[in-house]
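>>> sequence first, predicted coordinates after that:
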Amino acid sequence: MNKNNLKRSTFGAGCFWAVEAAFREVEGVVSTAVGYAGGKLKNPTYQDVCSGRTGHSEVVEVVFDPKKVSYNQLLDIFWKIHDPTTLNRQGPDIGVQYRSVIFYHDEKQKIQAEDSKKKMKESGTYPRDIVTAIEPTTTFWKAEEYHQQYFEKTGQRSCRF
């Protein structure tokens, strides 16, 4: 596999543990990492982000082989694994860090994300407005090691305790 042909995508859809677990199961996804993006603090910690004062979102950076899985297929998964109609919230998790957001890495991803969001709105899948933000990628700050592949490390299958 030629690493030069790999692409990156970054998604925020609530608790990053569950988002990462969903994308790790996709054929063509080469690697995932959980972390933080979209905020103003350099090198934030989990505690910083949980304070709600940094503006960061919990995100998953997905490295994928576009010959095996397309960005549009990743977008389809993104829409299915969370509720894109709740502002700064997923289930009981509340705060800007849990917002629904797509960070695009280039103009093509931006267009595909916008088209995908439009199609999702028009599909009637959700009875409320979709509030997912589509923004240019920012610095991805990798989360602490104990968060990486959390479900695999702990044997848990849910973000809820």
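Received the coordinates, thanks.

>>> hmm, who's touching the lowest-mean-pLDDT helix or strand in the chain?
Lowest on mean pLDDT, DSSP states H and E among the helices and strands of the chain sits helix 150-154, with a mean of 76. In this structure, residues lying in contact with helix 150-154 by C-beta atoms under 8 Å, 6 or more residues apart in numbering are 17, 18, 20, 21, 34, 146, 156, 157. Any C-beta I mention is one placed from the backbone N, CA and C, and that applies to glycine too.

>>> wait, which of those is closest to residue 89?
Residue 89 has its nearest neighbour among these in residue 18, at 14.3 Å by C-beta to C-beta.

>>> model confidence for the closest one, exactly?
For residue 18, the pLDDT comes out at 90.

>>> what do you get for the one 3 residues further on?
Per-residue pLDDT puts residue 21 at 93.

>>> with adjacent residues omitted, what lies nearest to it?
Excluding the flanking residues, the one nearest residue 21 by C-beta to C-beta, 6 or more residues apart in numbering is residue 151, at 4.8 Å.

>>> number of residues surrounding that neighbour?
15 (other C-beta atoms under 10 Å).

>>> which residues touch the most centrally placed residue in the chain?
Centroid-nearest residue in the chain: residue 11, 2.0 Å away (criterion: C-alpha atoms, centre = their mean). Counting by C-beta under 8 Å, 6+ apart, residue 11 touches 19, 23, 59, 60, 62, 74, 78, 101, 102, 103.

>>> repeat that for 7 Å
19, 59, 60, 62, 78, 102 (C-beta atoms under 7 Å, 6 or more residues apart in numbering).

>>> packing partners for the longest helix along the chain?
Looking across the chain with DSSP state H, the single longest helix is helix 107-123. Contact analysis of helix 107-123 by 3 or more C-beta pairs under 7 Å, 6 or more residues apart in numbering; DSSP states H and E lists helix 71-80, strand 100-104, strand 133-136 as its packing neighbours.

>>> just these: most buried one?
Highest mean neighbour count of the helices and strands packed on helix 107-123: strand 100-104, a mean of 23 (counted as mean count of other C-beta atoms under 10 Å).
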